[in-house]
Every structure is written in C-alpha cells, then in structure tokens.
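Novice: sequence below, structure please.
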Amino acid sequence: MTDESIVFSIFLIFTGAAVAATIALFARQSLLIGYIILGAITGPWGLGLVSDSDLIRDIAQIGIIFLLFLLGLNLYPQKLIQLLRETTLITIATCVVFGAVGWVVAYGFGFSVTDSIVVGLAAMFSSTIIGLKLLPTTVLHHRHMGEIIISILLLQDLIAIVVLLVMQGLNRGDVPITDVGFLLLALPMLIGVAYLLERIVLIRLLRRFDKIQEYVFLLAIGWCLGIAELANAIGLSYEIGAFVAGIAVATSPIARYIAESLRPLRDFFLVMFFFALGAGLDFEVIAKVWLPALVLAVALLSFKPIVFKYLLTQVAETNKLAWETGWRLGQMSEFSLLIAFVALEAGLIVAEAAYLIHVATLFTFVGSSYVIVFRFPTPIAVSDQLRRD
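Specialist: Next up is the predicted model:
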C-alpha cells in the first residue's frame, strides 16, 4: 500500500464513518454497526475502495491496546487481586460450557471432531472491545460491573494465549510444555518489571515534568506501547501488557489526566477496528457458512447471559448486575478470529471451519452491540435515558 493510498483509506474511513454514524443515529442504531457495514461496503469484498484491510486491522489493534491501558488506569491492584479470586472459577466454568456449545453446533452441521473442537475453543471467549467500549463508568454500579468484566476478560486472555501456544506447538509436531510453563511465570515477571520501572523511572519523570502537557501525553503513549511490546516479546499479548501498564500507573495522581488525554486517540483507532471487521467480510464465504454461523451466534447470544447470570449470583452478585454482565459478555472474541487463523495456518482445520468462526464472531458482534445499545446504559446509547459516559 502506498502512502497516497493510506491517506485515501483514512480519509474514506473517517469521512464514511461520519456519514454512517449520522445515518445510524437517525435510525436509532448502534454506531458500531454503522462502522462494520461501512467496512463491508468499501472493503476488498465490496466496492474495493480500501484494498489492504490487513494493514487497517493491524493499525486498529492499537485502539484495543489503548482501551486496556485506560481501563487499567482506573483499577487499583488490590481490587484486581480480589476480583480475580472471585472470577477464576466462573471464567473456567463458562469456558467449558461455551466450548461445549460451539462443539455441538459445529459437529451437528457435519464438521469433523477436530474442526468442532477448534470452533468450541473459539466460542469460549468474549470480546474485550465490545464488553468495555459499551460500558459506562460514571455510576458505581457500572464501575463494579466493569471491574468484574475486566477480571473475567483478563483470565480469558490468558487461557486464549495458552490455546494459541498449544496450537503453534501442534503445528511443529510437539506440545511446548516448557513454553507453557514459562508463560505461567511471564505475567508475574511482567508485573514486577512494570512496577520497578514505574517506581524508578516513570513516576520521577512525571513529577518533574508534569506541567508540560505535551511531554506527559508522549510519555504515557510510550509507556503504554513499551510495556505492551515487552509483553508480546515474552509470549503474552499486547492487550495484557497495556493493561498491566495502566494498573502500574493507577495510583499516580496524574492517572486521571492521562486517561482523559488519551480517550480521543483510543476512539480514533477503535473506529478503524470496527471498519476492519467489516472489510474482512467475504460475501461468497458468508453464503457457504451463514446458516451454521447464525445458529452458533444465536446459541451463544442466548446461552452466555443465562450462564453468566447463574454463576455470578452464586458468588453473591445481584441479579441485576449478573444479568447485565452476561449480556455485555454475550459475544465471541477478537481471540476467536486469531484462533481460527492460527488453526488454519497450522492445518488443524479446514477453511470452511475458519470461515464459520469468522462469520459467527461478526454476527455476535453485531447482535450483542445492538442489544446492549438498546437495553443498557452505554456512552453511545440511542436513548437519552440510557446514555452514560
């Protein structure tokens, strides 16, 4: 892709997003759906106006990184440890249940046992971007819900990384037990390094130059992306690294200013993320797998809220909070798309199974965001009564 085409692509994305958002608001629909539809229309499988959706998707991942960083800024370490204790069994139980749902649907439509297992693995996880982008934080009820959602998604990320690591090992002909063991130590190592760097370097720089807003802005971005890159280098995900970077700064008095200054940058990249999702839609493939993908999407959108509600009420959460949390975690995940890609590259599944995962994930993204925007408070709700920052 040339520099000129990059400029044109960004122009098309954001000018088109402005038009799509306007139409969506008049139609009282979710803005996210407008971005996805725009990507499908202008992407490689639509009009072909944006030809390199892979590059757009890579750039858009930065939005997810900033999202996790900002969430970490609002969560104190002691609170996170308490929440992880509460949600570990819930996360494991839900992964087993949703994995079984994915396997049953895929196997029922004639996919092989191995294909069905991979589909089940992809169905276990919920979307960080949907779950957190649509969550308000101005009400205490939703702050607590956000803490629960973050802890569940963090544990899901760790499980997903182990799944991906095992798949890559199977591609080489062995399961890397030593790599898995190192992975279990990688997160505590990352937290320790981030804590030391924050105490020795970052906090001193912030205290000395905190009046220079441009410097604070650049230092925050460098800190976020630097820890994210470190996490990726030791086998974790960029998102986990960004979240750890945010938690490390959460106790700093300047954390609130950093959060406010980075929000526009986060939103810029998140628009590109949803556009990239739509641009990856191949309509010929959808025609082949739309029925099993639709069945899987409906099954997950129906079962996930019920299962999360039941399990969360068992640990003394209120019915209202448990039910709403279940709906907010009712979709498949960005990791589902990555699992499909890695499994296909490793020769573990056929192309149709990978397409099934891809299309079902997009169906759940659209369905889940639609339900959340119409039923629950969000920053982009179609009702004034539901709109919360």
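
Novice: now name the helix or strand holding residue 39.
Specialist: In this assignment (DSSP states H and E), residue 39 forms part of helix 31-42.

Novice: tell me the helix or strand right after that helix.
Specialist: Using DSSP H and E, the next helix or strand after helix 31-42 towards the C-terminus is helix 53-73.

Novice: that following helix vs helix 31-42, what angle?
Specialist: If you take axes from the mean of the first three to the mean of the last three Cα atoms, to 10 degrees, helix 53-73 sits at 170 degrees to helix 31-42.

Novice: off-centre distance for helix 53-73?
Specialist: 9 Å (Cα atoms, centre = their mean, to the nearest Å).

Novice: which other helices and strands contact it?
Specialist: helix 3-26, helix 128-133, helix 213-233, helix 238-249, helix 255-279 (3 or more Cβ pairs under 8 Å, 6 or more residues apart in numbering; DSSP states H and E). All C-beta spots, glycine's among them, are computed from the backbone N, C-alpha and C.

Novice: quick check: angle from it to helix 238-249?
Specialist: 30 degrees.

Novice: buried ones in helix 53-73?
Specialist: 53, 56-57, 59-73 (16 or more other Cβ atoms under 10 Å).

Novice: quick one, the helix or strand following that helix and helix 238-249 angle?
Specialist: Sequence order places helix 77-108 as the next helix or strand after helix 53-73, per DSSP H and E. Put simply, helix 77-108 runs at 160 degrees to helix 238-249, going by the same axes, to 10 degrees.

Novice: helix or strand right after helix 77-108?
Specialist: Immediately after helix 77-108, counting by DSSP H and E, sits helix 113-123.

Novice: which outside residues touch that next one?
Specialist: When contacts are defined by Cβ atoms under 8 Å, 6 or more residues apart in numbering, helix 113-123 is touched by residues 98-107, 111, 163, 296, 300, 332-333, 335-336, 339-340, 343, 348-350, 353, 356-357, 360-361.

Novice: hmm, residue 129 and residue 153 touching each other?
Specialist: No: contact criterion Cβ atoms under 8 Å: residue 153 and residue 129 do not qualify, at 9.9 Å.

Novice: put the alpha carbons of stretch 274-284 into CSV.
Specialist: C-alpha atoms of stretch 274-284 as CSV (Å, rounded to 0.1, in the frame of the first residue of the first chain):
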residue,chain,number,x,y,z
PHE,A,274,-14.7,-1.9,13.5
PHE,A,275,-14.2,-0.8,10.0
ALA,A,276,-11.6,-3.5,9.6
LEU,A,277,-14.0,-6.1,10.9
GLY,A,278,-16.5,-5.2,8.1
ALA,A,279,-13.8,-5.0,5.5
GLY,A,280,-12.8,-8.6,6.2
LEU,A,281,-16.3,-9.9,5.3
ASP,A,282,-16.1,-12.1,2.1
PHE,A,283,-19.7,-12.4,0.9
GLU,A,284,-19.0,-15.6,-1.1
